[in-house]
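Student: Let's see this in three dimensions:
(one chain, ligands or ions: 3)
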Amino acid sequence: MATPTTLDKLEADSTTSHLITVTFRVRRFNPEVAAEASWQDFQLEIDPKERVLDGLHKIKWDQDGSLTFRRSCAHGICGSDAMRINGKNRLACKTLIKDLNPSKPITVEPIKGLTVLKDLVVDMDPFFQAYRDVMPFLITKGNEPTRERLQTAEDRERFDDTTKCILCAACTSSCPVFWNDGQYFGPAAIVNAHRFIFDSRDEAGEQRLEILNDKDGVWRCRTTFNCTDACPRGIEVTKAIQEVKRALITRRY
Ligand code: SF4
Ligand code: F3S
Ligand code: FES
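Tutor: Ligands and ions are numbered 1, 2, ... in the order given. Predicted coordinates:
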């Protein structure tokens, strides 16, 4: 029999799982059953290298099929599984159990500031309405070119950070101004306005700035930085908001 190579050993190590027992403390709400939300504990065996999303799947598939949450890609791309995990907004599919001190219960609850529909699912309509309000698409005044609209590398760099948004709402739902009354456009909408305001090919910057000059626009931001801390894409959200404020004052962008 052949002697195992270093590569064989490495592969064996990476596939070996060491299960531990963890408690998931999940905020449950079913309007058909009770008027108030309540916490429910679930014990599960899980490899600490797995993610919170894997834990939620284990609960749903093996213990309680009624547990309700959103997820799609499971790889940090679609933005559908933002939730509050141990009190902080994160994507369940990007959060490893081992990074959460699993010797204590792991709390999982819906993001704040949006109406909870069931368990971890919130009503995203107000969030997407604010997104639609800033016209998140390229606007030009005709003069169709005969080839693609060109842009220098420097001009492209200007809004590179804000192109990374996956509309997960982790930022907006971590903002205390948004918690207050939900009327504030919120950081995600401003990030997506920034993406076009600073695009040299776009011609509707003035319109977008006027939309954000509203009483519920950028001026409501108190530079709290919760949004920047919460963004799973590492976008400098507060910096983008500051740039939009500056553009409103100088009208240069
Ligand atoms: Fe999510 Fe970041 Fe986009 Fe906010 S800016 S919606 S936190 S990806
Ligand atoms: Fe809110 Fe972010 Fe401003 S958390 S107050 S939008 S810096
Ligand atoms: Fe798509 Fe987490 S499931 S980002």
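Student: hey, where'd the strands end up in the stretch 101-250 of the chain?
Tutor: 106-109, 116-118, 121-122 (DSSP state E, counting those that start in this stretch).
Student: okay, these, which one's buried deepest?
Tutor: Mean neighbours per residue, mean count of other CB atoms under 10 Å, is largest over those for strand 106-109, with a mean of 21. Yep, even glycine has a C-beta here, placed from its N, CA and C like the rest.
Student: Any residues of the stretch 151-253 of the chain in contact with ligand 1? List them.
Tutor: Applying CB under 6 Å from any ligand atom, one finds that the stretch 151-253 of the chain approaches ligand 1 through 165-171, 187-188, 191, 230-231, 233, 235, 237.
Student: try 5 Å
Tutor: Cys165, Ile166, Cys168, Ala170, Cys171, Ala188, Val191, Cys231, Arg233, Ile235 (CB under 5 Å from any ligand atom).
Student: Verify the stated contact: the fifth one with Thr238.
Tutor: No: shown here, Cys171 and Thr238 do not form a contact pair, counting by CB atoms under 8 Å, at 9.3 Å.
Student: Tell me, how many residues neighbour the nearest residue to Asn213 once chain neighbours are set aside?
Tutor: Spatially, and ignoring its direct neighbours in sequence, Asn213 is nearest to Leu248 (5.8 Å; CB to CB, 6 or more residues apart in numbering). By other CB atoms under 10 Å, 17 other residues sit near Leu248.
Student: Identify the residues contacting Leu248.
Tutor: Leu248 is in contact with Leu209, Leu212, Asn213, Val218, counting by CB atoms under 8 Å, 6 or more residues apart in numbering.
Student: Now render those residues as JSON lines, adding pLDDT and neighbour count.
Tutor: Shown next, in JSON lines, are the contacts of Leu248 (pLDDT from 0 to 100; neighbours: other CB atoms under 10 Å):
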{"residue": "Leu209", "pLDDT": "97", "neighbour count": "19"}
{"residue": "Leu212", "pLDDT": "97", "neighbour count": "24"}
{"residue": "Asn213", "pLDDT": "96", "neighbour count": "13"}
{"residue": "Val218", "pLDDT": "97", "neighbour count": "25"}
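Student: on that earlier part again, filter the residues of the stretch 151-253 of the chain next to ligand 1 down to the ones in helices?
Tutor: Among those, the members found in helices (DSSP state H) are Ala188, Val191.
Student: out of the residues of the stretch 151-253 of the chain next to ligand 1, which are buried?
Tutor: Buried subset of these (neighbour count, 16 or more other CB atoms under 10 Å): Cys165, Ile166, Cys168, Ala170, Cys171, Ala188, Val191, Cys231, Arg233, Ile235.
Student: right, and out of the residues you listed, which lies closest to Arg252?
Tutor: Val191 (19.6 Å; CB to CB).
Student: I figured that closest one hits Cys165, correct?
Tutor: Yes: assessed by CB under 8 Å, Val191 is found in contact with Cys165 at 5.2 Å.
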